[in-house]
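> Quick one: sequence and predicted model below, then my questions.
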Amino acid sequence: MNYMYLLPFGLWDSVWPRERVILGMLSSKWLHQELPLRVNEIALRGNDKLGLTGDRRMGAYPAFQTDEECMCQQFSRFFQNQVFLTWRKQNCANSGNLVRGMRMALGAGFGKALAFLDLRDCRLEGQDIRHLASVLKESNKIMHLSLSRSSETGKLGEEGALQLMDGLGHCSSLQHLDLHGNYMGDQAAQRLATTLENCQQLAFLNLSFNHILVRGGTSLGNALGKCTMLEQLFLGGNEVFEPGARGLVPLFRQCKRLKYFDLGWNEIGAVGMESLSSGLRECKSLQSLDLGGNNLSVMGAQMLARVLPECPSLTRLNVSGNSLHNNGTQALAAGLRECETLKELVAKRNMIWGNAVIALAQALSSCAELHSLDLSENPMGDDGMTSLAKELRVCTHLRVLTLHGTNLSSAGASALASCIRECTLLRDLDLSHTRIGDEGIITLATPLAKCTQLATLRLANTRIGDDAARCLGHVLQFSLQNLTLLDVSDCFVRAEGALALMTARNVKNKSPVPPLDIEFTGSCWADDSEVTCFAEWSGKHHEDRHVRGARALVASPLRLGGGNLVKPL
């Protein structure tokens, strides 16, 4: 098969001279609006190929410019029926032109070739959606369709979703459907359920944040039972509540291949978890389970704990925001002891402290492959950190540790230091919104120096000052060469400490180091007259008007706040 991918990025310099000549001939036909492209293989007249395979990229060539409608008509002259096209144009105000152009090209065989259509964040309204439905009716070979939305604008809504279903009903070869964030409502969800009964090859379905409610969830549960190839299902943020969770149970009994399941932020409660557990026991292939924000409470945690030992492939579990408290956490820990394959646990905002931390820590000691742990916004305190650090020493593969808002002080930082000495593969550490202070950072400095892969260090609102900043500057200069983000916002770092951090990489390194973003927002400066910070950026010096006094030039590859200058409040 031949493939063509139209994407908003690429590197024209990577294209071979012969391909530039061929594309130059093509580009001379379209002169209006730039549309960069990426080519894997493209069939021209007579099946002549450009010779590009794999992931070789091209694009952003100024001469390759076109109007969307004209482009669709022109391309249809070159494409043959076996060619698969991929359209992906993001954040485009002229997306309607693109869809109308596709509709006009159907008569030349364009629709029969379409297999992959990606219109994420494209603005489609009214007539555009009807045109898209017409395209889908004729594109009976389409396998991948993405219309997800990441912002409030451009959502399909109930009316648009219902119009779209007229076309989706003809897509029997569909394998991937992403309608995230379109707020389609329960009526459209029920219509979609009827449509998906014919898509028996469906492997990926994302309907998160669509307000499908109870009736939509129940309808989908019955319909998706026929999609026996389903591997990934995302239904987060849909307010299906307990009846909707109960309605989803039938799909688990049929979809034996299900690997990723997201039902987060649906308020299913303990009763919904009890219903769901009977279905989850059938999912022996389940790898990722997201149940965050469901108010499971203690009873729900007990139900979940009974399910976990029967999921031998589980690698990721999210139980954030479920009001587990101590009893619920201890119940969950009993189930986690059997999850030896677990690699990621997210349990933030559950009011975990005291004996619950000890139970959870002991359970995690059996997860030798654990590489990501998020216990943020739990009041575990120094005693909890001491218990946790003692058990986490065996998790030598740990890469991400998130502990912001856990009420740690310097004593907790000292306990954490003993853990970090063993977890030298750490890449992301978040200790923001704690009380570790200068003493805590100085204690952590030596163990952190051994974490040579550390890329992100978040210390916002940790009460650190110039002493900690100087210590970090020393570590940055000699050890943490891969660090790309250091956040010391809302701390007591003043001029001296800021300069120590900013100039830490002003040394000659044998090998290049990545740029470092340092965030100082809200830091306390003793006096506006103490320092003026300059950043050398693209050969220009930009002075921050809010800071005055002695000048310091940063000649190293440093970016302050993503390219902005230090702006203390």
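On my side now, so go ahead.
> Distance-wise, check residue 497 relative to residue 437.
13 Å (C-beta to C-beta, to the nearest Å). Every residue, glycine included, has its C-beta placed from N, CA and C.
> okay, and the common contacts of those two?
465, 468 (C-beta atoms under 8 Å, 6 or more residues apart in numbering).
> roughly how far apart are residue 418 and residue 389?
Counting by C-beta to C-beta, the gap from residue 418 to residue 389 is 6 Å.
> For the two, indicate the residue with more neighbours.
Applying other C-beta atoms under 10 Å to residue 418 and residue 389 shows that residue 389 carries more neighbours, namely 21 against 15.
> And the more buried one, which helix or strand is it part of?
helix 381-392 (DSSP states H and E).
> what's whichever helix or strand comes after that helix packed up against?
Next helix or strand after helix 381-392 toward the C-terminus (DSSP H and E): strand 400-402. In terms of contacts (3 or more C-beta pairs under 8 Å, 6 or more residues apart in numbering; DSSP states H and E), strand 400-402 is packed against strand 372-374, strand 428-430.
> how about these in TSV, adding mean pLDDT, distance to residue 462 and mean neighbour count?
Formatted as TSV, those follow (pLDDT from 0 to 100; distance: least, C-beta to C-beta, whole Å; neighbours: other C-beta atoms under 10 Å):
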stretch	mean pLDDT	distance to residue 462	mean neighbour count
strand 372-374	98	18	21
strand 428-430	98	10	20
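> Give the buried residues for the helix holding residue 389.
381, 382, 384, 385, 386, 387, 388, 389, 390, 391, 392 (16 or more other C-beta atoms under 10 Å).
> And the closest residue to the third one other than its chain neighbours, how far from residue 347?
Just to be clear, that refers to residue 384. In this structure, residue 384 finds its nearest non-sequential neighbour in residue 357, 3.6 Å apart by C-beta to C-beta, 6 or more residues apart in numbering. For residue 357, the distance to residue 347 equals 11 Å [C-beta to C-beta].
> for this structure, what helix or strand is lowest in average pLDDT?
Taking mean pLDDT, DSSP states H and E as the measure, strand 550-554 is the helix or strand of the chain with the lowest mean score, a mean of 30.
> Does residue 363 touch residue 337 like I think?
Yes: counting by C-beta atoms under 8 Å, residue 363 touches residue 337, with 4.7 Å between them.
> of those two, who's got more company?
residue 363 (22 against 17).
> Off-centre distance for stretch 384-404?
Distance, stretch centre to chain centre, for stretch 384-404: 23 Å (C-alpha atoms, centre = their mean, to the nearest Å).
> And for stretch 242-251?
Distance, centroid of stretch 242-251 to centroid of chain: 27 Å (C-alpha atoms, centre = their mean).
> separation between the residue nearest to residue 433 when sequence neighbours are not counted and residue 458?
With sequence-adjacent residues excluded and distances taken as C-beta to C-beta, 6+ apart, residue 433 is closest to residue 405, at 4.4 Å. Per C-beta to C-beta, residue 405 is found 11 Å from residue 458.
> For the closest residue to residue 287 other than its chain neighbours, give me its contacts.
Computed as C-beta to C-beta, 6+ apart, the closest residue to residue 287 that is not its neighbour in sequence is residue 259, at 4.6 Å. Residue 259 makes contact with 231, 232, 285, 286, 287, 288, 313, according to C-beta under 8 Å, 6+ apart.
> Ranking by neighbours, what's the top pick from the residues you listed?
In these, the most neighbours by other C-beta under 10 Å go to residue 286, 23 neighbours.
> right, and the helices and strands packed on strand 400-402 - which one's nearest residue 453?
Minimum separation from residue 453 across the helices and strands packed on strand 400-402 (C-beta to C-beta) falls at strand 428-430, 9.8 Å.
> Buried residues, the helix or strand just after that closest one. List them.
Scanning forward in sequence from strand 428-430 by DSSP H and E, the next helix or strand is helix 437-449. Neighbour-count burial for helix 437-449, counted by 16+ other C-beta under 10 Å, picks out 437, 438, 439, 440, 441, 442, 443, 444, 445, 447, 448, 449.
> List just the nearest of these to residue 490.
Nearest member of these to residue 490, counting by C-beta to C-beta, is residue 437, at 13.4 Å.
> unless I'm mixing things up, that closest one is touching residue 461, no?
No: Residue 437 is beyond contact range of residue 461, at 11.3 Å (criterion: C-beta under 8 Å).
> returning to that earlier point: if I look at the residue nearest to residue 287, how far off is residue 409?
Taking C-beta to C-beta, one finds residue 259 at 41 Å from residue 409.
> Could you list the low-pLDDT ranges of the stretch 51-200 of the chain?
51-113 (pLDDT under 70).
> Residue 360 in helix, strand or coil?
Recorded secondary structure, residue 360: helix (DSSP: H, G, I helix; E, B strand; the rest coil).
> I'd say it and residue 326 touch.
No: Residue 360 is not in contact with residue 326 according to C-beta under 8 Å; the separation is 10.1 Å.
> okay, the two: which has more neighbours?
residue 360 (28 against 17).
> Of the contacts of residue 259, which pair is most distant in space?
So, these by C-beta to C-beta: farthest apart are 232 and 313, at 14.0 Å.
> Show me the helices in the stretch 451-569 of the chain, by range?
466-478, 495-502 (DSSP state H, counting those that start in this stretch).
> so of those, which one's packed in deepest?
helix 495-502 (a mean of 22; mean count of other C-beta atoms under 10 Å).
> and the gap between residue 267 and residue 179?
21 Å.
> ok, now residue 287?
23 Å.
> swap in residue 439?
Distance from residue 439 to residue 179, by C-beta to C-beta: 51 Å.
> what does the helix holding residue 389 rub up against?
So helix 381-392 is contacted by 352-354, 357-358, 360-362, 364-365, 373, 375, 378, 380, 398, 403, 406-409, 411-412, 415-416, 418-419, 423 (C-beta under 8 Å, 6+ apart).
> at 7 Å instead, please
353, 357-358, 361-362, 364-365, 398, 407-409, 411-412, 415-416, 418-419 (C-beta atoms under 7 Å, 6 or more residues apart in numbering).
> Could you pick out the buried ones from those residues?
353, 357-358, 361-362, 364-365, 398, 407-409, 411-412, 415-416, 419.
> In helices, which of these appear?
357, 358, 361, 362, 364, 411, 412, 415, 416, 419 (DSSP state H).
> Hmm, residue 393 and the last one touching each other?
Yes: using C-beta atoms under 7 Å as the test, residue 419 is close enough to residue 393 to be in contact (5.6 Å).
> Can you check the pLDDT for the closest residue to residue 308 other than its chain neighbours?
What sits nearest to residue 308 in space, not counting adjacent residues and going by C-beta to C-beta, 6+ apart, is residue 335, at 3.7 Å. If you check residue 335, the pLDDT there is 95.
> Before I go, just wanted to say thanks for your time.
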